[in-house]
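Visitor: Model the structure of this input:
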Amino acid sequence: MTHEEFVQLSLTPLLIGCLASVSCALLGSFLLLRRQSLMGDAISHVVLPGIVGAFLLTGATSALAMMGGALAAALVAVGLIETIRRFGRVEPGAAMGVVFTSLFAVGVLWLERSGASGIHLDVEHVLYGNLESMVWLAADGWPALWDPAALELLPPQLPRLAGVLAIVLVFLALGWRTLVVATFDADFASSIGARPGATGIVLLILVAASTVAAFEAVGAIIVVAMFICPAATARLLTDRLLPQLLWSTLCAVVAAVSGYLLAAHGPFWLGYDASVSAAGMIAVMSGLLLAAACLWGPHRGAAQG
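Guide: Down below sits the predicted model:
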């Protein structure tokens, strides 16, 4: 592969995969510590009613309309989960299960009864992603990186995910003290006026935004692995919060890069004539990194037993 072909066909999918993985991994670390790791799973299952609703309101299947509808549904799910958890006095896992199964069922019913199933909503890509198609054909090699005309033709998912990651980093920087205290001791956070409830809601909103931004690239199913696996891997490697975030970021990048490259070239190395799903292989690599940490992690690995 020439440099020009790499920039056109592989650079932007690699960057998109890394941005999606890192934003999910950073938030996933706090979800893990708060015992809310399945929040990403819950949100990923509620995008269907949002997609159907967006089509019925706009009559179009544009990416912007679908993303807007999915984000609205994700935010509704976050609100319902928090409401059921607080006022119903049930554990977070039960609240998530009730909300995402109910909304997914509503989405399926709405899809069939409204007639929207007769048009192409591209639900397959919503579920499994389409990372391989996010190429930058306007690029003519590395000089395109500073060519304004070529940059205007970047896949829209790239600046969208970059914006989400930037917002996540700003949130972590500005709300670090409150977020840390609320994560480990919510009662103490309340006693010092840190407002852990508001911080938790903002965290869940960012989880929803990251989920919706990532599922267009890697799918609503694979995004679950991006939230859980890098964070869980890092948790097996360290007992400190800042190294936890750094390890989860590193694991997310390694899984994204190795997964994409193995999906694109691995089958050909083995003699097959077709590639495999990049998003699926990223999830596989995330799982393998987690398995390695389980076996050889310095703090909790099986080898330490």
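
Visitor: What's the first helix or strand after the strand or helix carrying residue 211?
Guide: Element membership for residue 211 (DSSP states H and E) is helix 196-218. Sequence-wise, the next helix or strand beyond helix 196-218 is helix 222-235, with elements assigned using DSSP H and E.

Visitor: need the next SSE after that next one, C-terminal direction.
Guide: Past helix 222-235, heading to the C-terminal end, the next element that is a helix or strand (DSSP H and E) is helix 241-269.

Visitor: Buried residues of that following helix, list them for me.
Guide: Of the residues in helix 241-269, those scored as buried under the neighbour-count criterion (16 or more other Cβ atoms under 10 Å) are 241, 244-245, 247-260, 262-264. Using the backbone N, CA and C atoms, a C-beta is placed for each residue, glycine as well.

Visitor: and if you look at stretch 50-60?
Guide: Along stretch 50-60, these residues count as buried under the neighbour rule (16+ other Cβ under 10 Å): 50, 51, 52, 53, 54, 55.

Visitor: Which parts of the stretch 1-150 of the chain are helices?
Guide: Assigned helices in the stretch 1-150 of the chain, in chain order: 3-6, 12-33, 39-44, 47-58, 63-87, 92-114, 123-128, 148-151 (criterion: DSSP state H, counting those that start in this stretch).

Visitor: mind giving me TSV with these and columns for distance to residue 174 and mean pLDDT?
Guide: Written out in TSV, the entries for the helices of the stretch 1-150 of the chain read as follows (distance: least, Cβ to Cβ, whole Å; pLDDT from 0 to 100):
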stretch	distance to residue 174	mean pLDDT
helix 3-6	37	80
helix 12-33	14	92
helix 39-44	21	74
helix 47-58	28	79
helix 63-87	20	79
helix 92-114	25	79
helix 123-128	32	60
helix 148-151	29	86
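
Visitor: So which of those helices is nearest residue 139?
Guide: The minimum distance between residue 139 and the helices of the stretch 1-150 of the chain falls on helix 148-151, with 5.5 Å, by Cβ to Cβ.

Visitor: Remind me what the helix or strand just after the closest one packs against, helices and strands.
Guide: Next along the chain after helix 148-151, taking DSSP H and E as the criterion, comes helix 157-174. Contact here means 3 or more Cβ pairs under 8 Å, 6 or more residues apart in numbering; DSSP states H and E; on that basis helix 157-174 packs against helix 12-33, helix 196-218.

Visitor: Below-threshold pLDDT in the stretch 151-300 of the chain: ranges please.
Guide: With pLDDT under 70 as the threshold, the stretch 151-300 of the chain has low-confidence stretches at 188-189, 193-194, 216, 220, 299-300.

Visitor: Kindly recompute the last result at 90.
Guide: 151-157, 160, 174-225, 238-240, 263-281, 294-300 (pLDDT under 90).

Visitor: any idea how far residue 40 is from residue 218?
Guide: Counting by Cβ to Cβ, to the nearest Å, the separation of residue 40 from residue 218 is 12 Å.

Visitor: overlap in contacts of the two?
Guide: Both residue 40 and residue 218 are contacted by residue 226, under the criterion Cβ atoms under 8 Å, 6 or more residues apart in numbering.

Visitor: what's the burial count for residue 152?
Guide: Applying other Cβ atoms under 10 Å, we find 8 residues neighbouring residue 152.

Visitor: Phi, psi for it please.
Guide: Recorded main-chain torsions at residue 152 are phi -70, psi -20, according to degrees, to the nearest 10.

Visitor: sorry, back to before: please dump the helices and strands packed on helix 157-174 into JSON lines; it should also carry distance to residue 283 and mean neighbour count for every row.
Guide: Output for these, formatted as JSON lines (distance: least, Cβ to Cβ, whole Å; neighbours: other Cβ atoms under 10 Å):
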{"stretch": "helix 12-33", "distance to residue 283": "10", "mean neighbour count": "25"}
{"stretch": "helix 196-218", "distance to residue 283": "8", "mean neighbour count": "23"}
